[in-house]
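Colleague: got a structure for you, letters missing:
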């Protein structure tokens with residue numbers, strides 16, 4: 001028996017393949033999406049790499065969690081995952097990051113199960129056209145996928161990331177109390193003397209050349225030379241060799257004591273509330289989830305005009321935009337926010353309002369859910385047909 005046309009109320013069995021070895025925006029995306037899908041009644045299985053942050057968090061949140069290195073060769077892992085799809089009667093596969101994307105299209109062919117891939121970044125790769133559908137996290141990423149990876153217009157959609165919503169969070173009465181914020185700022189080395197208060201700048205994410213942290217260090221040096229008391233907090237995973245290089249840059253600029261290298265943090269929402277200004281100096285991006293999290297925390301933002309960032313940050317409305325690779329422009333924009341508390345409050349509030357109206361996590365998840373149903377109607381798979389019978 002073929003699958004009935006109306007599937008919109010049926011429980012789905014969804015397999016998320018995630019190949020990120022460390023914490024990242026895609027991991028947060030998968031966890032937020034999966035939690036809401038579970039609340040909507042769907043059954044979620046998450047496959048992550050062994051000893052990864054993703055695997056640990058999925059287990060902590062009590063998802064059905066499997067570990068796999070997701071190696072392409074030899075073929076033992078693809079055969080193992082094929083058995084998982086068959087035995088658990090998976091309806092649809094959703095993949096995240098390069099290794100998982102490749103495994104997903106192989107499983108699609110072996111199991112006749114629809115495969116959706118979320119494009120969290122922009123890379124030229126041949127496998128994108130082999131998916132049933134591609135989700136782009138920004139319009140800029142959608143244009144990239146269509147132009148360089150030749151994904152057809154009717155097989156790609158832009159659906160912005162579900163932004164983790166903190167219960168009770170608003171720009172006037174944040175969920176985190178002043179004591180927690182004060183303690184975290186103290187851990188960062190901030191001066192407790194309120195008469196000599198420092199402005200805390202923050203950046204969160206992978207520490208790598210493409211993220212532009214070198215430009216931000218140069219901007220901090222310029223701000224210090226201009227008489228501004230600032231402290232930069234850098235949160236995120238990193239390659240040690242690049243961090244050492246950046247630390248040398250900071251010492252050469254005479255700002256080594258003003259930089260706090262926080263490393264990985266499980267408390268990014270609290271960290272966002274403890275920052276005065278969030279800075280995204282990236283040279284290349286799709287649409288970083290950290291910007292959305294900073295907006296949800298009502299932080300004033302300075303960001304570069306790359307990727308999908310200008311789609312959500314409107315200059316002087318929800319943040320300040322500067323060209324990439326321009327340390328002086330970064331310093332000027334940051335100084336403007338420091339010198340104008342009214343501007344800082346206004347753009348922070350407008351950013352928070354935009355998140356509330358345009359990035360509701362349930363609404364964004366519903367869009368993905370409806371895409372799943374649409375694909376199952378247009379490309380029914382064997383397990384679905386068996387269950388429908």
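Modeller: That came through fine. It should be emphasised that the depicted structure is a prediction, and the values quoted were computed from it without experimental measurement.
Colleague: quick check: which element contains the closest residue to residue 208 other than its chain neighbours?
Modeller: In this structure, residue 208 finds its nearest non-sequential neighbour in residue 242, 6.1 Å apart by Cβ to Cβ, 6 or more residues apart in numbering. Where you see a C-beta, it was placed from the backbone N, CA and C, and this is true even at glycine. Per DSSP states H and E, residue 242 falls inside helix 240-253.
Colleague: what's the answer for residue 122, then?
Modeller: Using DSSP H and E, residue 122 sits in no helix or strand.
Colleague: I figured it hits residue 287, correct?
Modeller: No. Assessed by Cβ atoms under 8 Å, residue 122 is found out of contact with residue 287, at 10.4 Å.
Colleague: of the two, who's got more company?
Modeller: Remark: of residue 122 and residue 287, residue 287 carries more neighbours, 24 against 19, as counted by other Cβ atoms under 10 Å.
Colleague: report the contact partners of the more buried one.
Modeller: 137-138, 140-141, 160-161, 307-309, 311-312 (Cβ atoms under 8 Å, 6 or more residues apart in numbering).
Colleague: in three-state terms, label the residue nearest to residue 135 when sequence neighbours are not counted for me.
Modeller: Sequence neighbours aside, residue 118 is the residue nearest to residue 135 in space, at 4.5 Å (criterion: Cβ to Cβ, 6+ apart). Secondary structure assignment for residue 118 (DSSP: H, G, I helix; E, B strand; the rest coil): strand.
Colleague: so where's the stretch 101-250 of the chain uncertain?
Modeller: Within the stretch 101-250 of the chain, the stretches with pLDDT under 70 are 164-176, 192-196, 238-239.
Colleague: quick one: the strands in it?
Modeller: Counting by DSSP state E, counting those that start in this stretch, the stretch 101-250 of the chain has strands at residues 115-119, 133-136, 156-158, 199-204, 230-235.
Colleague: could you identify which of those is most buried?
Modeller: Ranked by mean neighbour count, these are led by strand 115-119 with a mean of 26 (mean count of other Cβ atoms under 10 Å).
Colleague: partner strands of that one and their direction?
Modeller: When pairs are called by DSSP bridges, strand 115-119 turns out to pair with strand 92-96 (parallel), strand 133-136 (parallel).
Colleague: the ones you listed into TSV, with extra columns for distance to residue 29?
Modeller: Formatted as TSV, those follow (distance: least, Cβ to Cβ, whole Å):
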stretch	distance to residue 29
strand 92-96	7
strand 133-136	10
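Colleague: and residue 98, how many neighbours?
Modeller: Look at residue 98: counted by other Cβ under 10 Å, it has 17 neighbours.
Colleague: do residue 87 as well
Modeller: 9.
Colleague: how close does it get to residue 65?
Modeller: Going from residue 87 to residue 65 by Cβ to Cβ, to the nearest Å gives 16 Å.
Colleague: next: residue 256.
Modeller: 41 Å.
Colleague: same deal with residue 54?
Modeller: Taking Cβ to Cβ, one finds residue 54 at 9 Å from residue 65.
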